[in-house]
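> build me a model from this:
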Amino acid sequence: MNESEYIPIAALNQYAYCPHRCWRMFCAGEFTENEYTIEGTSLHDRVHSLSQEKQGEDWQIRAIWLKSRQYGLIGKSDLIEASNGEIFPVEYKRGRKGEWDNDELQVGAQALCLEEMTGKSIKIGYVYYAHSHHRQEVEISEDLRDRVRQTITDIQRLFTDNIVPQAVYSPRCRGCSLKSRCLPQATAKVARYQEIS
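Numbers count the residues shown, from 1 in each chain. Next comes the predicted model:
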């Protein structure tokens, strides 16, 4: 597998949020900024300054690249912490805890990469939400691992089959920066009209 065939870890988050958005970003190369993406980029710019800190026996390492040959994943971590022989991936997000599981999926993918890179079992990760200043614990359970592996399979299919996933309107569309590109409400209206005709 060459580098261009690796799936970006962030693609798992996008796919779990909306397969159509993932296709637009990673297959069609489309991306549009809005207030949420600009705020998220600003947060990651601050977090992604490569650094390493030691506090007693605890380590914090920012902005290192993670890779898994087994799963074909690659991406940059926000923060990796080590404490008492345990390693924890920490993903930073701009808002408050979301209603959906896409952030946890991204942490699970980071854990799989870290396990392959270090040979250590990862049991817990975290999502840090900047608006609430709250860390949400993510158990790296067998269920989460299965969902990560299934999402990797789905994205591989998305990347190779060249079939555009349907744009489906949902509450998630309200904050999506690509909403004006896929027009999910218009797509839903056309589908309803075609059913009536």
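
> now the longest helix seen in the chain: buried residues?
Longest helix in the chain, counting residues (DSSP state H): helix 142-161. Using 16 or more other Cβ atoms under 10 Å as the test for burial, helix 142-161 gives Leu144, Arg145, Arg147, Val148, Thr151, Ile152, Asp154, Ile155, Leu158. Where you see a C-beta, it was placed from the backbone N, CA and C, and this is true even at glycine.

> residues in contact with that helix?
Helix 142-161 has contacts (Cβ atoms under 8 Å, 6 or more residues apart in numbering) with 7, 11-12, 15-16, 19, 22-23, 26-27, 71-73, 101, 104-105, 108-109, 112, 138, 165.

> same check, this time on stretch 127-135
Residues from elsewhere that reach stretch 127-135 (Cβ under 8 Å, 6+ apart): 43, 78-79, 90-97, 103-104, 107, 126, 136, 138.

> now the buried members of those residues.
43, 78-79, 90-94, 103-104, 107, 126, 136, 138.

> export only the CA atoms of the longest helix of the chain, formatted as CSV.
The C-alpha coordinates for helix 142-161 follow below in CSV (Å, rounded to 0.1, in the frame of the first residue of the first chain):
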residue,chain,number,x,y,z
GLU,A,142,-14.8,-4.1,21.1
ASP,A,143,-18.0,-2.5,19.8
LEU,A,144,-16.2,0.7,19.0
ARG,A,145,-13.3,-1.3,17.4
ASP,A,146,-15.9,-3.1,15.2
ARG,A,147,-17.6,0.2,14.2
VAL,A,148,-14.2,1.6,13.3
ARG,A,149,-13.3,-1.4,11.1
GLN,A,150,-16.7,-1.3,9.4
THR,A,151,-16.4,2.4,8.7
ILE,A,152,-12.9,1.8,7.2
THR,A,153,-14.5,-0.9,4.9
ASP,A,154,-17.3,1.5,3.9
ILE,A,155,-14.8,4.3,3.1
GLN,A,156,-12.6,2.0,1.1
ARG,A,157,-15.7,1.1,-0.9
LEU,A,158,-16.6,4.7,-1.3
PHE,A,159,-13.1,5.6,-2.5
THR,A,160,-12.9,2.7,-5.1
ASP,A,161,-16.5,2.3,-6.3
